[in-house]
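Engineer: With the sequence up front, the predicted model follows.
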Amino acid sequence: MSEVKLTELRPRILNFYNIREGIIQRAAYPMKTVGRKSDAFIYILEGSMRYRFADREFVSKAGDILYLAAGSLYAMENMEQTYRYICADFTFALPDGMSPASDSHPMQNPKFIESLFRKMLENWILQKPCATEDCLSILYAVYAEILRLESASYVPISKRRILENAVLYIAEHLSDEELSVPEIADSVNMSESYFRRLFDEVYSVSPVQYINTLRINHAKELIRCTDESFTAIAAKVGFSNVYYFSRMFKKKAGCTPSEYRSICFDHPGI
């Protein structure tokens, strides 16, 4: 299987499985004979770890997001006394014969990233309603940060940090059909006009486009994994009108919800 940089391949997330917090004591761990069962994003809370693959190696340290690809084989060497992390397990939907390469991604805004991982962990532990879907939406926000930092033009970190709580607020209230840009701006004590300008500068999309993209990604998971009606799915992802939901779904996904369900039924691995 050919390995490509995650930021070049840009696969979508297929399933969310689990999230957990862990600690590894100082030691060397030999390469396993069986590869990982799933993909993983791992936020490093403390310490540093050297990962050795057959053809390369890298060090992941506190404040980084480590991506480990499904099927990957590696040895580990804990370089400090304690290595603490939060690990989210999921599966990417990949083109045949392609795989993202495992790598470590330094973050410009580690406190924000940690808050996203901890919010996923809280939802998963408490098993709140739609816990899997909520975790998936937050995981997409994590994924988006990796892609943005790798490919976007430089934006001062001070501006990114201003919007950290706004993005977290969106993830927490995504299913609320009353969620609005003025409400989000107010949640971070910012005028609506300035919030809109700053959001577009940092994320290269408007707040509404960002929200709708996350909502449609939620909807895809529900269509693929449940037999709920489109009216029920629309309500769960924050659309009060199923007809508007259908138009937005087609705009974002390139097909209607019913066509997407048919595709998933015919190709269950999609």
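Structural biologist: Ah, there it is. Numbering: from 1, shown residues only.
Engineer: so who does S191 touch?
Structural biologist: Counting by CB atoms under 8 Å, 6 or more residues apart in numbering, S191 touches A185. Every residue, glycine included, has its C-beta placed from N, CA and C.
Engineer: Next, give phi and psi for it.
Structural biologist: phi -70, psi 150 (degrees, to the nearest 10).
Engineer: try Y143
Structural biologist: Dihedral angles (degrees, to the nearest 10) for Y143: phi -60, psi -40.
Engineer: Any stretches of the stretch 101-250 of the chain with poor pLDDT?
Structural biologist: Counting by pLDDT under 70, the stretch 101-250 of the chain contains low-confidence residues at 151-158.
Engineer: the helices in it, which residues?
Structural biologist: Counting by DSSP state H, counting those that start in this stretch, the stretch 101-250 of the chain has helices at residues 110-126, 131-151, 157-162, 164-172, 181-187, 192-203, 207-225, 230-236, 242-253.
Engineer: Would you reformat those as JSON lines and include mean neighbour count and distance to G47?
Structural biologist: Output for the helices of the stretch 101-250 of the chain, formatted as JSON lines (neighbours: other CB atoms under 10 Å; distance: least, CB to CB, whole Å):
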{"stretch": "helix 110-126", "mean neighbour count": "18", "distance to G47": "14"}
{"stretch": "helix 131-151", "mean neighbour count": "19", "distance to G47": "20"}
{"stretch": "helix 157-162", "mean neighbour count": "14", "distance to G47": "23"}
{"stretch": "helix 164-172", "mean neighbour count": "20", "distance to G47": "24"}
{"stretch": "helix 181-187", "mean neighbour count": "16", "distance to G47": "34"}
{"stretch": "helix 192-203", "mean neighbour count": "16", "distance to G47": "30"}
{"stretch": "helix 207-225", "mean neighbour count": "19", "distance to G47": "32"}
{"stretch": "helix 230-236", "mean neighbour count": "18", "distance to G47": "39"}
{"stretch": "helix 242-253", "mean neighbour count": "16", "distance to G47": "40"}
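Engineer: For C264, find the nearest of the ones you listed.
Structural biologist: Closest to C264 of those is helix 207-225 (CB to CB; 4.8 Å).
Engineer: and the angle from that closest one to helix 131-151?
Structural biologist: Put simply, helix 207-225 runs at 130 degrees to helix 131-151, going by axes from the mean of the first three to the mean of the last three CA atoms, to 10 degrees.
Engineer: For helix 207-225, what is the distance to the chain centroid?
Structural biologist: 12 Å (CA atoms, centre = their mean, to the nearest Å).
Engineer: repeat for stretch 113-130
Structural biologist: 12 Å.
Engineer: How about residues contacting it?
Structural biologist: 18-21, 43, 45, 63, 65, 86, 88, 107, 131, 134-135, 138-139, 141-142, 145, 164, 168, 171-172, 175, 236.
Engineer: And I263, how close does it get to I86?
Structural biologist: 34 Å (CB to CB, to the nearest Å).
Engineer: what's the average pLDDT for the longest strand along the chain?
Structural biologist: Criterion DSSP state E: the longest strand present in the chain is strand 12-25. What strand 12-25 shows for mean pLDDT is 90.
Engineer: now for it, which elements pack on it?
Structural biologist: In terms of contacts (3 or more CB pairs under 8 Å, 6 or more residues apart in numbering; DSSP states H and E), strand 12-25 is packed against strand 75-78, strand 82-93, helix 110-126, helix 131-151, helix 207-225.
Engineer: still on that earlier bit, looking at I263 and I86, which one has more neighbours?
Structural biologist: I86 (20 against 14; other CB atoms under 10 Å).
Engineer: With adjacent residues omitted, what lies nearest to the more buried one?
Structural biologist: The spatially closest residue to I86, leaving aside those adjacent along the chain, is F117, at 4.3 Å (CB to CB, 6 or more residues apart in numbering).
Engineer: Could you do G63 as well?
Structural biologist: P110 (4.0 Å).
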